[in-house]
Structure formats: C-alpha cells, structure tokens
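A.B. asks: let me see the structure of the following:
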Amino acid sequence: MKKKKLLFVLNPFSGKGQIKNKLLDIVDIFVKGGYQVTVHTTQCPQDAMKLVEEKAGKYDMVVCSGGDGTLDETVTGMMRREKRIPIGYIPAGSTNDFAGSLKIPKRMEKAAEVAVKGVPFSCDIGSFNGDYFVYIAAFGAFTDVSYATSQELKNRIGHAAYILEGLKRLPSLQSYHMRVEYEDRVIEDDFIYGMVSNSTSAGGFKNITGKDVKLDDGMFEVTLIRMPKNPLELNAIIGSLTSKKENKENTDLIYSFKSDKLKFISEIEIPWTLDGEYGGSHREVEVQNEQGAVQIMVKADAKFLPQSAKEESIGQIV
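C.D. replies: From the prediction side, this is the model:
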C-alpha cells in the first residue's frame, strides 16, 4: 500500500522555539498516522507561502507549525493553488487566535494527532486586494496593541491591559476619514480603528470580534471605531469591545455589523495588518469572504462542525 505524503512546514523560532523539543514526537505521530513525512524549516519571510504554492501538489496534506503568521503564509500559498489539499495546524506562537477559534489543542502532540486523525473543516478565508488573510484584516490605532501586550499581563488583568496601553496612546491617536461600502449601505466617518474578522478572538482577547461567530457562514464580523474625544470615551470603547457579556454595551462610537464583501475608500494611504502582519498601505481596499475556501483539520467531535463532517470522521482522536 502506497504511503500518503505529508509536508511539515515549521517556524523554528515561534513561541521561543518550543517546537525543537517536540519535533521527534510530532514526526513519529505523523508516521504512525500512515504518512511519509518531509520536514521544512522556514528560512525567511514568505518562505512557507512560496513552498506551499509551488510544492503542495506533491503531497496529500500540509501541516504547519508556528504562530498566526505562519498559518497565514501557509493558507495564502494554498489559496494561490488551483488544486488545494487539507491543512493541519500545530500552534506554537504567543497568541494563536485562530487555533483557539478552531478548538485545536494547545499541546503540540495533541494538535499533531488532530492533524492526521481529525476531519477537514471547510473554513472561510478573506481576500484582500488580491492577497489573503485567515482571520483578521485591520487598520488604525490598536492593530499592534494586543500583540505588544504580553499574554501573561492579559491573563492577569484582562482588558485593563488593553485599556492601559490605549490610554497611553490617546494624545497621539490619528483618525482616518473613510468611506465604507457594503451591501447597499454606505458609512462615511472618521475612524481610529477598523477590523474585518472571522474569529472568536483577536490579539488573545475572546469575544472582541462579536457574538454568534461562525467560521464557515460566508460572513465577516466588522467593527469600526470612531475617534473618541477624551479618555472616558476611549475607556468605554475598549470596555465594550472586550466585555465578556453576550449583550455588549451599545455605544454610538462603534459600528458593528456582518457582511461578506466590503470596500474601504480613504483620502490617504492607510497601513493595514493581515493576521497581525503588515499588509501594505492602501487608499482603496476590497475585502471579500471566500466561503469554505480551505480545509483545516479539526477534532472529529468539534461542536461547530456540520453533522455531515462528523459522520465522515476519518479517525478517532485519543
């Protein structure tokens, strides 16, 4: 019987390099799962993207290990292919928002088992002016706050860490005048922040992206924040965003809605981040939801899976 082939792409420096101590165990799990394994350590930015785009056709599955940026590169490479294969993900970064949304285990060996024994979940992917993002495209004041704030501090004092960092930046906050078009509606205002997401968390904060988030419904969760006039308004904004309550505090400073396609038009070039990495500066941005575009391996008993996927389970997760 011919063995299936697996391409394992890993960033050896993600998460303080902890993958180095787990590598043999992970490869052993892949081999026991019936795969012939090729291991590739990323050498430079966009290495994973180029490798997957050019070589994935020779394999039955690609598994990547690293942070959200490594997953972004892997998915982007797969999106650029005509024929796509399933992706397994072993999170090794400091935040790993999307792994949390997919309920992929934090323990690397367990995540490796999910990759080879789980079921493929057809996940929405975002297109962005010809580029791609897995779970978030954002612009404005706080695009780096969550990544600059340590997870330990977030765990200890919750969204207060976010507020403290935001308050420090209030005197230098810049607003961007933008026209946002979606469906048959238009919003024109001065914004300090905008987020188009497909995730249950962003920057390590759960619930910040909204409620009733489904990763395969073809819809984005959109949040646009107007310029606050003082620290109290900024406090209200961040408190509302990071509240754990299902019914979040309403504020006229925040626009929140769902859409599958949007266009952003600004008077100047505005820098964007895609999955936490720099996505270029743009005056016009078109974002579209590519529903179910990529298959990512998840637990066979994941609650968000459609019943048909559960019935087609290709293995039992221990």
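A.B. asks: may I see the buried residues of whichever strand or helix holds Leu232?
C.D. replies: Using DSSP states H and E, Leu232 maps to helix 231-241. Buried residues in helix 231-241, counting neighbours by 16 or more other C-beta atoms under 10 Å, are found at Glu233, Leu234, Asn235, Ile237, Ile238, Gly239, Ser240, Leu241. (C-beta placed from N, C-alpha, C; glycine too.)
A.B. asks: distance from the chain centre to stretch 63-79, please.
C.D. replies: 10 Å (C-alpha atoms, centre = their mean, to the nearest Å).
A.B. asks: could you do stretch 106-123 as well?
C.D. replies: How far stretch 106-123 lies from its chain's middle: 16 Å, per C-alpha atoms, centre = their mean.
A.B. asks: what sits against the closest residue to Glu53 other than its chain neighbours?
C.D. replies: Nearest non-adjacent residue to Glu53, counting by C-beta to C-beta, 6 or more residues apart in numbering: Gly77, 4.0 Å away. Counting by C-beta atoms under 8 Å, 6 or more residues apart in numbering, Gly77 touches Ala48, Met49, Lys50, Leu51, Val52, Glu53, Ala56.
A.B. asks: and the buried residues of helix 231-241, which is closest to Lys4?
C.D. replies: Checking the buried residues of helix 231-241 against Lys4 by C-beta to C-beta gives Leu241 as the nearest, at 43.5 Å.
A.B. asks: tell me the domain boundaries of the protein?
C.D. replies: Taking automatic domain parsing as the criterion, the chain consists of the domains 4-118+299-311, 131-291.
A.B. asks: gap between stretch 50-67 and the chain center?
C.D. replies: On C-alpha atoms, centre = their mean, the centre of stretch 50-67 falls 18 Å from that of its chain.
A.B. asks: list the buried ones in that stretch?
C.D. replies: Going by neighbour count (16+ other C-beta under 10 Å), the buried part of stretch 50-67 is 51-53, 55-56, 59, 61-67.
A.B. asks: thinking again about what came up before, most tightly packed of the domains of the chain?
C.D. replies: Burial of the domains of the chain is given as mean neighbour count (mean count of other C-beta atoms under 10 Å); domain 4-118+299-311 ranks first at a mean of 19.
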